[in-house]
Every structure is written in structure tokens, then in C-alpha cells.
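*Asks:* Turn this into a model:
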Amino acid sequence: MSNRPLILVADDSEDIRNLFGVMLKSKYEVRYAVDSDETLTGADTEPLPDLILLDVEMPDLDGYEVCARLKANPALAHIPIIFITARNDPKDQAKGLLAGAVDYITKPISAPITMLRVRTQLALVDQRRALEEQIQQRTEELYNTRLELIQRLARAMEFREGGLTNRVLRVSGYVELLSQGLGLKSKVVEILSAAAPLYDIGKMGVSEHVLTKSDKLNDTEWAEMRKHPEIGAGIIGEHKDPMLEQARVMALTHHERWDGTGYPNKLQGNAIPVPGRIMALADAFEAMTSTQRHRSPVSSMEAAKKIAAESGKQFDPSVVAAFMKVAKEFDELRATHKDELEGIHDLDFGSAAGKKK
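*Replies:* Numbering: from 1, shown residues only. I've put the predicted structure just below:
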């Protein structure tokens with residue numbers, strides 16, 4: 001594929017098209033259109049043109065209407081359009097500029113002026129692309145920094161609970177698998193998996209003796225422990241950023257139950273946000289299959305049986321159904337990310353569900 005800029009020349013006159021071809025082909029790739037339909041199609045064909053030279057007096061739709069339609073399409077609105085016309089009335093030029101064109105070339109066509117204006121517009125295209133790439137790179141850097149901070153904050157929470165584990169990787173992977181099993185869009189899956197590590201951050205506000213107690217908690221201690229969803233939501237705060245917002249939702253609602261007997265707000269059924277329903281099951285599987293201070297872990301198979309038994313009670317039946325489809329992957333992920341001290345300090349927080357040792 002050529003790296004040269006692509007110019008779409010739209011004119012019903014074969015002589016004009018040939019003239020532009022002679023002028024442009026030594027430096028640019030050229031695509032042609034003879035009417036409004038071909039222009040609209042040619043503008044929306046990959047590779048997209050870098051510039052459009054558009055005749056005002058086209059068959060069917062005139063150039064102004066074609067320009068308006070192109071500018072109304074978000075995928076094509078960025079393509080600069082230079083009008084070609086025999087009209088030299090300032091009112092006509094103003095009409096073209098108001099329609100969204102960036103420049104005007106009048107007939108008879110001057111090759112030097114035309115090439116100068118084409119080069120000027122293509123230089124602006126290059127500048128815009130360079131700026132967009134810089135912004136995209138900066139956005140990715142900020143996203144990765146935010147993701148790293150989320151993961152490290154979750155690790156700090158683990159230190160407070162008594163030591164490092166691979167729980168962050170496991171739970172993020174479980175959330176990813178469940179979200180995929182529910183058929184959520186890939187971007188939503190990515191956001192939920194990235195937000196998952198903060199779901200238990202509210203335990204930062206729970207007394208250390210409660211967090212590290214080896215015996216079962218008494219009523220007073222349980223009352224304190226049950227405050228951690230609201231504490232977590234408060235720590236994260238309300239944000240327009242989708243990752244932090246979903247982290248807040250997970251932190252607040254992961255102990256709600258489908259039957260309405262959960263906490264802190266006794267939400268029931270569809271009143272529980274989907275991220276909270278997903279995290280409720282992921283957290284339960286993690287709790288059952290990992291060593292706890294007051295109980296030994298159970299096998300993945302036993303945990304799956306208990307989860308199935310709680311369908312429609314503790315868990316959303318649709319989330320349980322999604323879990324059953326990916327239960328094998330849960331077990332594989334659990335085996336991949338065991339709580340072994342070696343290697344825990346430098347974890348790779350990529351897609352946990354997709355990684356194997």
C-alpha cells in the first residue's frame with residue numbers, strides 16, 4: 001500500500017478530472033468520482049482520502065449538499081474539502097465555506113495555485129494527525145498510570161490484611177471471565193476487570209484486629225466489617241472516569257444479594273448494578289477457594305456446587321449461568337495464580353484470565 005496521500009477528485013467533467021490527474025499523480029494517489037453517489041461512496045471507502053477536491057455543480061446533489069452530508073458523518077467529517085467551481089461571486093465562496101469546505105479553487109484552474117493549496121491542506125492534515133497521536137499516547141500513559149495506582153493500592157490493602165497474595169490477579173481474572181460469559185462488550189470487560197482490584201478497598205477503614213482476627217467475628221466486629229462497602233465507595237469517590245466509577249460501584253454493591261438480604265442497602269434483583277452482581281460471585285469464589293484465617297479452602301468443584309445452590313438467592317441467576325460456562329477457566333486461573341511467595345512482588349497485571357504460567 002502506498003504511503004502517499006490520497007486525494008479524491010469529484011467532478012463530472014472528464015477534462016477536469018484528467019487535468020487534476022496530470023497535476024497530482026506525480027506526488028499523490030488519486031481516486032475519481034463523476035457524480036454525487038460516487039463521491040459519497042469514494043469518500044467512505046478504505047483507505048479514506050486525505051483530501052477531497054469537490055465540484056460545486058455536480059449531477060443529482062450539488063457539491064454543497066455532498067459536503068454537508070460528508071460533514072454530518074463523524075467518520076468522514078475530518079476530511080478537508082476544497083470546492084472547485086467557475087463561480088467567483090464572494091457569496092458562493094461564503095456558502096461553500098459555511099458548508100464546511102476549507103478552501104475554494106476557481107476555474108480556469110491554475111496548476112501552481114492548486115498545488116500550493118493542496119500542499120497547504122495536506123500539511124495541516126499531517127499536523128492534526130501528529131497532534132492526535134500525541135494525545136492518544138498521553139491518554140494511554142495516563143490510563144496505564146491510573147491502572148498501576150489502582151493495582152498498587154489494592155496490594156497495599158493486602159499488606160494490611162496480613163501479607164501479599166495473588167488475590168488481585170485472581171479476582172480481576174474472574175471478573176473478566178464472568179463479564180465475557182455474560183456477553184458484555186470487550187471495552188466494558190476491560191473496564192470492569194481493570195476496576196476490580198479496588199472492590200475491597202473499604203477494609204482500609206476497618207480495625208486491624210478485626211481484619212486479622214483468626215477466630216470468627218462477633219456481632220460487634222461483624223457490624224464494623226459490614227461498613228467496608230460504604231467506606232470503599234467513599235474512598236474511591238464519584239468520578240466521570242468509567243474505570244473509577246465502576247470501581248466505586250463494585251466496592252459499594254459486591255455484598256448485596258439477589259434476594260435482597262445483603263448489605264449495605266438490601267438491594268434486590270435488578271436493582272443491584274451488574275458490576276456488583278459480577279463481583280459478588282467472583283468474591284465468593286475467591287473466598288471459598290482461598291485460605292481464610294477461620295476456615296480451610298474448598299475445591300473449585302465444591303465452590304461451583306455452592307454457587308449453583310445460591311442461584312436466585314445470593315447470586316443473579318444469569319451470572320451463575322455465565323459462571324457455569326467458564327467454571328473450568330476459573331479453576332485454571334486459580335491454579336495459575338496460586339499464593340506462592342516467589343514472584344509475587346513483581347506481578348504482571350495484564351489480562352489475568354488470558355495468562356498462563
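*Asks:* residue contacts, G100?
*Replies:* 67-68, 70-71, 77, 81 (C-beta atoms under 8 Å, 6 or more residues apart in numbering). All C-beta atoms are positioned from the backbone trio N, CA, C, and that covers glycine.
*Asks:* Can you flag the buried ones in those?
*Replies:* Among the contacts of G100, those classed as buried by 16 or more other C-beta atoms under 10 Å are 67, 70-71, 81.
*Asks:* Let me see the ranges of the strands in the protein.
*Replies:* 6-10, 29-33, 51-55, 81-85, 103-106 (DSSP state E).
*Asks:* any idea which of the ones you listed is most buried?
*Replies:* strand 51-55 (a mean of 27; mean count of other C-beta atoms under 10 Å).
*Asks:* now that one, how far from the centre of its chain.
*Replies:* 34 Å (C-alpha atoms, centre = their mean, to the nearest Å).
*Asks:* Just the angle for it relative to strand 6-10, thanks.
*Replies:* 10 degrees (axes from the mean of the first three to the mean of the last three C-alpha atoms, to 10 degrees).
*Asks:* Next one: E132 relative to V125, how far apart?
*Replies:* 11 Å (C-beta to C-beta, to the nearest Å).
*Asks:* just A194 next, same as before
*Replies:* From A194 across to V125, the span is 34 Å (C-beta to C-beta).
*Asks:* Rebuild the strands of the chain as a markdown table, extending it with distance to D62.
*Replies:* Shown next, in a markdown table, are the strands of the chain (distance: least, C-beta to C-beta, whole Å):
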| stretch | distance to D62 |
| --- | --- |
| strand 6-10 | 11 |
| strand 29-33 | 14 |
| strand 51-55 | 9 |
| strand 81-85 | 10 |
| strand 103-106 | 15 |
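*Asks:* Figure out which of the ones you listed is closest to I307.
*Replies:* strand 6-10 (55.1 Å; C-beta to C-beta).
*Asks:* and that closest one, average pLDDT?
*Replies:* The pLDDT scores in strand 6-10 average 94.
*Asks:* Just name whatever secondary elements it is in contact with.
*Replies:* Other helices and strands packing on strand 6-10, by 3 or more C-beta pairs under 8 Å, 6 or more residues apart in numbering; DSSP states H and E, are helix 14-24, strand 29-33, helix 36-43, strand 51-55.
*Asks:* Averaged pLDDT, stretch 193-206. What do you get?
*Replies:* Mean per-residue pLDDT for stretch 193-206: 91.
*Asks:* Please apply the same query to stretch 14-31.
*Replies:* 92.
*Asks:* Can you mark which positions in it are buried?
*Replies:* Counting neighbours by 16+ other C-beta under 10 Å, stretch 14-31 gives 16-17, 19-20, 23-24, 28-31 as buried.
*Asks:* I appreciate the help and will end here.
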